[in-house]
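Student: coordinates only, no sequence provided:
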């Protein structure tokens, strides 16, 4: 009894598995055939169209019309900054063209109008 059930189960499994494989292969085989037929039909149609086009080309004259679009010139604006360094030989911060003593810094220039040996800015006024 056990052997009969085992054999029945094994045979049914093989039958189902084998049937599904054959069905799968047949389904895809049809797709391949259909694709080949479509490709053949497309090639035939293209050949027919080419013959007709050549006949029309020989009988007709074609003129071409081109449209040329010209854009206006672009306006370019450019800002330039230039730093001008005026000479300052004594490095006192006053440019040489405005400096009374361009070779000596102003902190070293002293004024002693009364000639007493003391700089006038440090004298006390009485």
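Tutor: Received it, and whenever you're ready, just let me know what you need. Bear in mind that the values here come from a model prediction, so they are computed numbers and not experimental data.

Student: what strand or helix carries residue 67?
Tutor: Assigned by DSSP states H and E, residue 67 belongs to no helix or strand.

Student: that one: neighbouring residues, count only.
Tutor: By other C-beta atoms under 10 Å, 4 other residues sit near residue 67. Every residue, glycine included, has its C-beta placed from N, CA and C.

Student: with residue 90 instead?
Tutor: Neighbours of residue 90 under the rule other C-beta under 10 Å: 17.

Student: what sits against the residue lying closest to it once chain neighbours are set aside?
Tutor: Excluding the flanking residues, the one nearest residue 90 by C-beta to C-beta, 6 or more residues apart in numbering is residue 105, at 4.5 Å. Each residue near residue 105 by C-beta atoms under 8 Å, 6 or more residues apart in numbering is listed here: 90-92.

Student: got the residues you listed as a markdown table, with distance to residue 111 and pLDDT columns?
Tutor: A markdown table is the format used below for the contacts of residue 105 (distance: C-beta to C-beta, whole Å; pLDDT from 0 to 100):
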| residue | distance to residue 111 | pLDDT |
| --- | --- | --- |
| 90 | 17 | 85 |
| 91 | 21 | 80 |
| 92 | 16 | 84 |
